[in-house]
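Trainee: here is my input; please provide its structure:
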Amino acid sequence: MAAGLSAPARAAQPSLMDLPYGSDPKQRLDVYLPAHRQDAPVIVMVHGGGWRFGDKSQIPAWRNKVEHWTGQGIVVVTVNYRLLPQAHPLEQARDVARALAYVQRRAAQWGASAQRLVLMGHSAGGHLVSLLSADPAMAWQEGAQDWLATVALDSAALDPAEIMRQSPSPLYAHAFGTDPSYWEQASPLAQLQPTARPMLLVCSSRRTLPCPQAERFAGQMRALGGQARTLPVDLSHRSINAAIGLHPVYTAALDAFLAEAGLWAP
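Mentor: Below you'll find the predicted structure:
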């Protein structure tokens, strides 16, 4: 699947900004509401940034997908979470779980459904949503209900334990530290349970780590009785996020998975 992008129609603006799902200033989310909604499906988006950077207001990363999905009657939520060095990845995943629970509690107020919901994350955000989906117990502990499915966009950290046992880059060393038991706790692959939510793992065929990790993760998840598939794409790490809503073939593949998961009928 190669690039072939069309131009966005307009700039999306959040309908509800900086809603607090926790007491910390970083525990905030924005909500983009479609014009017409009744029991609308929801996509919760989690940004990347190496567990240290990133923000829900990064318009180039959100605009196209927000316009695409709100145009189809879907509520889109973008989430901030605490970052390194304030919070390590497990705490960040718990923040995302709290945000998910908050969205489900408030969904009816927005004309949205608490059950017809997909969790999606890019890069480090893909690691966080994969961790929650591999074993939903953390999300349940924070008050979240089951969600339909999860989409991980080009995460290269599905198995931090294996990465850290080799020669990790400073990015991974700073995120996961030196404790092997922590590596296992923060590893979506190591935490996989039969209760894992259905997953689509999108990976860049231009990079070394993401697709082999995604294939191994999906295979292990299927071996446990779960539903998982991979989607290798010939796009850069950044474009796998930014091209949603622009790249017609890639966007159609994502939409087909969302429809199959029960989010909506394209």
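Trainee: and after the helix-or-strand element of the chain with minimal mean pLDDT, which helix or strand comes next?
Mentor: The helix or strand of the chain with the poorest confidence is helix 59-70; it has a mean of 88 (mean pLDDT, DSSP states H and E). For helix 59-70, the following helix or strand on the C-terminal side (DSSP states H and E) is strand 75-79.
Trainee: relative to helix 59-70, how tilted is that next one?
Mentor: 150 degrees (axes from the mean of the first three to the mean of the last three CA atoms, to 10 degrees).
Trainee: and the contacts of whichever helix or strand comes after strand 75-79?
Mentor: The first helix or strand that comes after strand 75-79 along the chain, using DSSP H and E, is helix 89-106. Residues from elsewhere that reach helix 89-106 (CB atoms under 8 Å, 6 or more residues apart in numbering): 19, 21-22, 26-27, 29, 42, 44, 46, 51, 77, 79, 81-83, 87, 114, 117, 119, 121, 124-125, 127-129, 131-132, 138-139, 141-145, 147, 175-176, 182, 185-186. Every residue, glycine included, has its C-beta placed from N, CA and C.
Trainee: switch to 7 Å and redo it
Mentor: Helix 89-106 has contacts (CB atoms under 7 Å, 6 or more residues apart in numbering) with 21-22, 27, 29, 42, 44, 46, 51, 77, 79, 81-82, 87, 114, 117, 119, 127-129, 131-132, 138-139, 142-145, 175-176, 185-186.
Trainee: now stretch 47-64
Mentor: Residues from elsewhere that reach stretch 47-64 (CB under 7 Å, 6+ apart): 8, 11-12, 29-30, 45, 78-80, 83-84, 89, 92, 122-126, 171, 175, 241-242, 244-246.
Trainee: please redo it, this time with the cut-off set to 6 Å
Mentor: If you take CB atoms under 6 Å, 6 or more residues apart in numbering as the criterion, stretch 47-64 is touched by 8, 11-12, 30, 78-80, 83-84, 89, 122-125, 171, 175, 241-242, 245-246.
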